[in-house]
Structures are given as C-alpha cells and as structure tokens.
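S.K.: pasted the sequence and its predicted model underneath.
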Amino acid sequence: MSKVNITIDGQQYQVPAGEKLLWAALDCGVYIPHLCANKDKERPDASCRLCFVEIEGFDAPVTSCTQEVFEGMVVKTRTARVDRLVQTAFELLLSNHKLRCGKCPQNRQCELQKISRERKLKLKLTRLRPLLTEEKAVDDSTDVFIYDPNRCVLCGQCIWVDHKVVEVGAIGFINRGFKRKMGTFGDVPLAESRCTQCGECVKVCPVGALVFKEKTE
Amino acid sequence: MSISDKYHAIRFAAVEKIEKIKEKPHVLVGTATCGRAAGALTILDVFREEADKHQLDVIIDEVGCMGYCYAEPLVVIAKPGFPALCYGPVDEGTARRLVADFLVNDDPCYDFAIAALEPNDEFPTFEDFPRGVIEKKIILADCGLIDPDDIDHYLARDGYAALAKVLEMEPYAVIEEIKSAKLRGRGGAGFPTGVKWERCFQAEGSPKYVICNADEGDPGAFMDRAILESNPHQLIEGLIIAAYAIQASTGYIYVRAEYPLAVARLRNAISQAREKGLLGDNILGSDFSFDVIIFQGSGAFVCGEETALIKSIEGKPGVPDHRPPYPATCGLYGKPTVINNVKTLSYVPHILRKGADWFRSIGTENSPGTAVFALAGKVVGTGLVEVPMGTTIRELVYDVGSGIKDDKMFKAVQIGGPSGGCLPESSLDLPIDFDSLQEAGAMMGSGGLVVLDEDDCMVEIARFFLDFTQKESCGKCTFCRLGTKQMLDILTDITQGKGSLEDLNILQDLAEDIKMGSLCSLGKTAPNPVLTTLKYFRDEYEAHINEGRCPALMCKDLITYIIIPEKCSKLCDVCIGSCPTEAIYTRPDMLKAIHLDKCVKCNNCMVACPPQYKAVIKVSPPIVEEKEETVEGGKEDE
Ligand SMILES: Cc1cc2nc3c(=O)[nH]c(=O)nc-3n(C[C@H](O)[C@H](O)[C@H](O)COP(=O)(O)O)c2cc1C
Ligand code: SF4
Ligand code: FES
C-alpha cells in the first residue's frame, strides 16, 4: 500500500494514502476527539463536530473524519480556533446530556469523559443553559439492555450496527431538529420492535445511552 | 430537415397563431398564486361572463405574475388600435366597466390603468416611472405577458431558439459560453455555473443527471414560484440546455408540494414540449434525447440543500451530507449531477441566444446579470422586481419600491431570509451583488428583501428568523441542533426582558462557532440575522437588557398599552367593543382606561381608536400595575 508523509503537531508520520486523517492520526497515537466517526462508512456522517483540526493552507478548521491525507499535509490538532470549536461542541452536547456521571453505569468508560480528560474540558455546564429540562422516559423493555435517551449523543454508531452489521433494521434516527433522536419505527418500545435483542448496538455506544442490564444493577 | 429547419417550422406555426390572436382584443388576467390570493379567478369569471353577455369576439387568457403584487389583481388589455394597457387592482366593478367601456366601446378607461406596455402618445409606460427606469427584466420579462399553458406564446417570442442553436454546438462550447458569461448560481451561494457544469462534464460516471432546485423554502420567498407559474418553458429550455452541455439524459425538477399550480403548469408545459419534439427522444431531430421528471418535495427547508435534496429524490431522509464530494462528481445515485436553481437555469436560454458579452454587459464585473428580489415589508411597492446587479439598496427601496409606507422612518433591510442579514441605514448605498452582501454579513440567499421601519424591533426580527432555522434544522449536527436552540433561548429571554449582558457575549460566541462549525449551510448561515443585528443594532439589544425597554415598542412583554386622557374623546367607545378580554372600562369621568392585568396586548384598541383621536399608545418599559393612577395626565378626580 502506498504511503504519504504528513506532519501532525510537528511530528512526521508515514500514513496510508487515501486514508481519512482522523484514522491516520489515531493510528499514529495522536488523539483527536470523535464520536460519530466510523471507519466502515463510505461517507462519513461528520455530525458530532468534535474532530476539528487545522491544516496548513486551509482557511478554516476542518473535520478530520472527512479529510483525506495527502503528501506533505501539515496538521495542527490544537489551535485557538480548534480548541474553541471543540469546546463549544462539547459543551453543547453536555447541555443536552444527563450529567450525573457517578450514577451512570458507564462511568469511567465514557467517551465524553475521555474527551474531557484529554482536552481538559469540564464535565459540567458553566456557560450554556441546560436544555434537558424534562427527562425523557428510559426504555427498559428488553431483557438485555436499556436505552436512556437522556444520555444519547446521536453519534449513530448503534444505528449503523443495527443496519449494516446485524442487518435487523430495528432502529434509526427519528424526528427533526432538536427533537431528533434514536428510536424505533413508530417510536414503540424496543421490545415491541423488530429488535432481536442481540445487544450488538450496546457494545458500540460510546456513552451511557445503551447499557446492558447487568451493568445497571 | 435540419435542426434549425425543424425549429423554424414549429416557431412559424406559433407566430402565425399569435398574430391571429393579435387581430382581436386580448385580455390577460394574472392568475398566478399571488393573483389568485387577490381574487383574480373571480375577475377572470367576470370578464368571461361579461364578454359572453355582450357577445364579444375577444380572447381571454390566464397569465402569470408581472411582479406588481401591490396592484393585484392585474389585467392587461390589448385591443387593436390602442396601446396594450395594464390595469390594477381590478375589482368586479372595474372589470365590468372595462368590458362595457373599453371592449364594447372605445374608452380605454385610463383612470384605472397603471401603465401602457409599449410607448405611445396617450399614456405613460412602465419605463416612464422610476421603477421602470431601474428595472431590467430578463427572466421576468415575459412573466405575466404570455400564457404559460400555451407553448406557442413562448415559441412566438423566440422560445427554444437557444435550444435549436445549442443542439448544433459541441457540448463543451455551451459550457464555455456559460463560463464566459460568468453566470453565478441564484440558489443563494453564487457559485459559478459554468465551472459547476464543467466539473460535471469532466467527471467519470454515467448516466449523468440535471436537477432543477425549485424547493424554495425561505419564508416570504416566492420568485421561483412566480417564474414556474408564469414562464415554465424558459426554465425547461434552460434545463434541456444544461442537460445537453453535460450530456445527461434524465432531469428532475424538484418542486415543493405546496406549489400545486406551479406543478400543474409545469406538467402541462412538459407535455406540450414533448408533443413539439422539444423533449423526449431525438430532440428536434438531433441525436440528443432527454426527458424530465417532476419530483414533489415534502417541503422541508433543509431539503433545498443540494445533498439533502438528492437524498430525498433517492427516497432517503432529507439530511445533508458533508461535501466534498460535490454533486457534480457524486450526486444522484452516486452519479455526476448538476443541480441549479430555477432562476439560474432561466437565464441560460437568454445567454445562449444573446451571447455571453451581452450578459456580462449587465450588472457588475463579478456578478453579471440581474437580481430578482421579492420586495416586502414596510415598502409601498411590494412585489417581484428584477434589477441589474449593483443596484443600491437605496434605489431598490426608494425608487423601485417607492419608499417607506406611511411616511415612517427607514430602519433596515433584511436581505436573504433566514440565511441573510439585516443591513442598516448606513448600508443604503451598498451596491447589491453576491460579494458585497457577503462582506456586509448578509447574503443574496433566495432573494427575499424585507424592508423594516421604526416599528420593527431588531431583536425580535433576529429571534423570528432564528426560530425558523432552529425549527427547520435537520438535527444531524451538534452545532446547529443544539447551538441554535441555545441562541433561540437567549434571544427569547432578551425579548422578554430577562436577558443579561453576559448573554450577549455568549450569543456572539455561539453565533461565530455555529457559523464555522456546522455541517451544512443551513447551520453555517443561521447565525447571520443575529450577527448582523448585534453588529448594527447592539443598542437595541442593550435597551432590552439594561432598561427593559423595546425601542420599537414591539416586544409584548416590554410594553404597556395606555389611553391618553387628553386625547380620549369620552363620547366614543369603539375601543371597548374591540377588546377581546374586556380590559377597557369607562371611568366615572367617561374617559376610557385599560386594566393592565386584563390586557393581552392584542393591539385591537390601537387599531380601533379613530384616527382623529389616536388616544391609545404603547409605552416601554412597561408600566408596573400600581403606577396606573400616576400615569401622566391621568389624575383627574373621580
Ligand atoms: C438550507 C438550505 C436551503 C436551500 N434551499 C434552496 C432552495 O430552495 N432553492 C435553491 O435553488 N437552492 C437552495 N439552496 C442551495 C442549494 O444547496 C444549491 O446550492 C443550489 O440549488 C445550487 O444552485 P445554483 O448554483 O443555481 O445556485 C439551499 C441551501 C441550503 C443550505
Ligand atoms: S447544519 Fe443544521 S441542517 Fe445542516 S446538517 Fe447540521 S443540523 Fe442539519
Ligand atoms: S468524528 Fe468527525 S464529525 Fe464526528
């Protein structure tokens, strides 16, 4: 496989040509925050807006999950503009997230906590308003796992697994705008949907939205 | 027969037919959606009935929109021996008079006429008015003057001549002509059309597609609808030429389902074009085959975004994707696709017929051609206007639009709808083109232009547009889904007097971040109304926050309605009847007063109070209940 030379934060790396910068960087051990990226998707979702970097010669920060590497690419993962965008995107996600980490079954295994650690971002709201004013009902209808929409970050990882890996088609994004959420067709409880309760979606949830019941005990 | 022989045969037949029509009196009633809303269909019936009654040999046709919305319903009468005259607003009585006096007898009823359509010794033409001097109509030129349901009207005016010419050119030469004309996309962003076509032409993959974007989801925008309803063939011809240039065999017209008349007129136009051999297999006897499918969109604003629109045609949810890849290389079903706005495609036949140099001679260096605006708001002459790019806002508002209604003070123009911005008085002399607007923080957008006066609160205007984009956000990406909600909550608080100065900083920061961080242009442009009002009207924001005062007296939570005792007539009580909540009472001294706790601020009493008194006023900051008795002048003994 042909390789290209790129520079990330002053360090030079050889990475596979044609690869998206996010994966190249992660493989080189450089962390870039990300929630929605999925290597197997032919067209990245680019919806979480956390993976911004700056590239020399580009006039604005770009999402690294959509940007292909090229020979001589010079990347900075931390600039004032990048940090500001990532901070705002992160705070926005938190503003709509049930923030009680101590009570969350995914405590210490949560991608939001990782981003907070890596980028030194607070896990509480200081600037923005809490948008999660009324909590939505938790779906505990299946025998195997629960779905807590109040912790969902809409990364779409579960939907991908459901559609493309186990090929069941039980869940998808429903509603628009601020009301967008992961749900079943007709928004019925999971147990009444086509869901086979295989639990594969739970394994890819980066936060505490889909959790195995054994963990919630 | 050669392509041009074939074309000339079709055109010749059309010209003959139209010449015959011209021998008789010809009545044109504007029955586009805008005319219908003003009652044009009734007027049409009156003309038909009256003509029957008088057994007149006249031709009565439905046409589209001439753009003079303030004067609808509009009627044009062309009677041999007289200049063609335009009348409006025409009510039933006027319609009967026009039949009896003008069609039966020979009195052209100049009192009801607005203007003549061609120079004459009797009556001024549109060009004799300031609006006509500045306006330069290209794509609106035939709107309202030809019958959109009869292809011969279009053919007789050189319609499809450009297509006949193009079919004898190399496809790439067509692209070069469009590039040389520097035509820029009228869908909002102003991307060079020729470059887009070239990329698609060069892209690998087959088949290729062309799509006309007629989603038009901006609140208050209706220019694309007017063009579809008034001159559908102009667009169809442009679409066929685009298809030929990139060698596509299938095209789509994506129209919102809320435009039933546009869809009906397009359907009819497409089938007539097919009958004449202008669509379908071997167009005009050439090797080129192409057909069009009408796709009715669900009406979501975001479906106007090109990647979302394409997914919607594919039967998937209308949610935008990251670009690149652009549709030109990877569009509908993954194939190279050109997607253009209705107006963009409508210019195409004109450019090919009259040449790129002609087009570049109009407008500005980097934005040649004209701009179509829907003038609305507090301007006298509302309507659809087409002016050369580079026209100033002042000319648009004061010359074309005849100034502000009711002698009020101009405050701002909102250009470009929810993705545009508000420009203040200091921008009045800004020449409008794609780049100047972008620099000023606004955007051409779809061409909405709302004139705002002293009674419009800029914070409320910003809130209104943000409320729209927030509701229309598809919700896919973080900044737009949650960021616009945060901004909307802050703005709502400010309009209710609950904001803080710190909120203004957060608002500004969020706006900048959403602009830079959003996935698609809906999110990227949604903050524009807020950013421009913060920039040009920060004092209004501060008045709301610091003083609890709405300078324009518009924000309901920050105003109180009062009746000024000195002005109240005592003897009249229309305000009492107008109040839905019985908040107005008669004091022992017969003066009227408002119970502030009952008042729902519906504005009825203010409208009802006769103009000779004008006793109801609004004050801001609002009056707190206890102070009611101490209102200036309200201290008379009981
Ligand atoms: C939220 C959103 C809505 C849009 N709506 C429309 C529309 O109604 N009509 C349109 O022509 N373009 C619309 N656009 C622009 C299209 O994405 C696209 O740029 C345009 O159709 C290209 O045509 P043009 O090059 O002729 O301007 C919209 C863009 C966004 C982001
Ligand atoms: S910017 Fe808004 S409309 Fe565009 S993809 Fe993001 S959420 Fe959807
Ligand atoms: S990982 Fe790039 S936008 Fe989500």
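M.R.: Great, that's in hand. It should be emphasised that the depicted structure is a prediction, and the values quoted were computed from it without experimental measurement. Ligands and ions are numbered 1, 2, ... in the order given.

S.K.: can you pull the domain assignment for the chain?
M.R.: No chain was given, so I picked chain A. Chain A breaks down into these domains under automatic domain parsing: A:3-91, A:95-216.

S.K.: the intended chain is chain B.
M.R.: Here the domain parsing of chain B from automatic domain parsing is B:13-126, B:159-359, B:370-456, B:459-546, B:559-634.

S.K.: which one of those domains has the lowest average pLDDT?
M.R.: Among these, domain B:559-634 carries the lowest mean pLDDT, a mean of 88.

S.K.: B:Ala440 against B:Gly421, yeah?
M.R.: Yes: counting by CB atoms under 8 Å, B:Ala440 touches B:Gly421, with 7.1 Å between them. (Each C-beta comes from the backbone N, C-alpha and C, glycine too.)

S.K.: looking at these two, which is more packed in?
M.R.: Shown here are B:Ala440 and B:Gly421; by other CB atoms under 10 Å in any protein chain shown, B:Gly421 has more neighbours (30 against 21).

S.K.: thinking the more buried one is in contact with B:Glu439, fair?
M.R.: No: in this structure, B:Gly421 is not within contact of B:Glu439 by CB under 8 Å, at 10.9 Å.

S.K.: what sits against B:Ala608?
M.R.: Each residue near B:Ala608 by CB atoms under 8 Å, 6 or more residues apart in numbering or on different chains is listed here: B:574-575, B:577-578.

S.K.: quick one: the residue lying closest to it once chain neighbours are set aside from A:Val168, how far?
M.R.: Spatial nearest neighbour of B:Ala608, chain neighbours left out: B:Ser578 (3.7 Å); criterion: CB to CB, 6 or more residues apart in numbering or on different chains. Going from B:Ser578 to A:Val168 by CB to CB, to the nearest Å gives 61 Å.

S.K.: identify the spatial nearest neighbour of residue 112, chain neighbours not counted.
M.R.: In the absence of a named chain, this looks at chain A. A:Val207 (5.8 Å).

S.K.: not quite, go with chain B.
M.R.: B:Phe112 sits nearest to B:Tyr87 (CB to CB, 6+ apart), 4.8 Å away.

S.K.: what distance do you get for that neighbour to B:Tyr252?
M.R.: Separation of B:Tyr87 from B:Tyr252 (CB to CB): 39 Å.

S.K.: so for the two, which residue has more residues nearby?
M.R.: Set side by side, B:Tyr87 and B:Tyr252 show unequal neighbour counts under other CB under 10 Å, the larger going to B:Tyr87 at 26 against 22.

S.K.: so who does that one touch?
M.R.: B:74-77, B:94, B:98, B:109, B:112-114.

S.K.: and what of B:Asn341?
M.R.: Listed by CB under 8 Å, 6+ apart, the contact partners of B:Asn341 are B:185-188, B:212-214, B:224.

S.K.: how about it: which residues does it bridge to?
M.R.: Beta-bridge pairing for B:Asn341 (DSSP bridges): B:Asn213.

S.K.: how far away is it from ligand 3?
M.R.: Using CB to the nearest ligand atom, to the nearest Å, B:Asn341 is found at 29 Å from ligand 3.
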